[in-house]
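**Q** need coordinates for the following:
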Amino acid sequence: MVREKDFDIPFSGLKLGTHQFDFDIVESFFELFENSEVKKATLKVAIKLNKKATLLDLEFDISGNVELSCDTCADLYLQDLNEQFNLIVKFSDLVESTESDEIIILSTREHTLSLAKSIYEFIHLSLPSKRSHADEEECNQDMLENIRQFEIKEQTEKEDVEIDPRWASLKNIKHK
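**A** Numbers count the residues shown, from 1 in each chain. A predicted model of the protein is given here:
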């Protein structure tokens, strides 16, 4: 069972310079977060932490695949992910509201950096907006046939449709 503490980095004992941390992300990781879009995944998260005197500079490299539902046929498929993200951690005892997506401000009394939430968010940011099989032939053909049955057929100009005569004269302008 994966716990949130498994993704903590005790940075206070690290020397200045670059350090490497690797995490394996599996299904139980997403159970830590309510309403996760991802239920199954096999991901590797490599974090390069550059410790400086006044801040931590983190580079996240996320690679692997997640199981998603296809927007076209609703079947599950594997989506490959390969993304990089940066995160800066600054230290301050002043209460500042300058936190952004790329900058986290920690108290100078903190000794551990929890990365579970950041990893979770970066994985979800890596998901494509259009989720579908790479090739339509991989989609569930029975579902595609059902969808085609309910398609709305567009009205063509050749069909005999009575057009208001006022609009019919405007149609001639379009062809000039």
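
**Q** check contacts around the closest residue to residue 18 other than its chain neighbours.
**A** Excluding the flanking residues, the one nearest residue 18 by Cβ to Cβ, 6 or more residues apart in numbering is residue 50, at 5.1 Å. For every residue, glycine as well, the C-beta is placed using N, CA and C. By Cβ atoms under 8 Å, 6 or more residues apart in numbering, the contact list for residue 50 reads 17-19, 56-59.

**Q** again with residue 2
**A** By Cβ under 8 Å, 6+ apart, the neighbours of residue 2 are 26, 28-29, 31-32.

**Q** separation between it and residue 25?
**A** 9 Å (Cβ to Cβ, to the nearest Å).

**Q** equivalent analysis for residue 90, please.
**A** Residue 90 is 26 Å from residue 25, by Cβ to Cβ.

**Q** which one's more surrounded, these two?
**A** residue 25 (22 against 14; other Cβ atoms under 10 Å).

**Q** ok, the residue nearest to that one when sequence neighbours are not counted - how many residues close by?
**A** Take residue 25 and drop its neighbours on the chain: the residue closest to it by Cβ to Cβ, 6+ apart is residue 43, 3.9 Å away. Here the number of neighbours of residue 43 (other Cβ under 10 Å) works out to 19.

**Q** check which helix or strand residue 43 maps to.
**A** Applying DSSP states H and E as the criterion places residue 43 in strand 41-51.

**Q** quick one: mean pLDDT over that strand.
**A** The pLDDT scores in strand 41-51 average 95.

**Q** just the buried positions in that strand, please.
**A** Neighbour counts over strand 41-51 (16 or more other Cβ atoms under 10 Å) mark 41, 43, 45, 47, 49, 51 as buried.

**Q** contacting residues around the helix or strand where residue 171 lies?
**A** Assessed by DSSP H and E, residue 171 sits inside helix 165-174. Helix 165-174 is contacted from outside by residue 163, using Cβ under 8 Å, 6+ apart.
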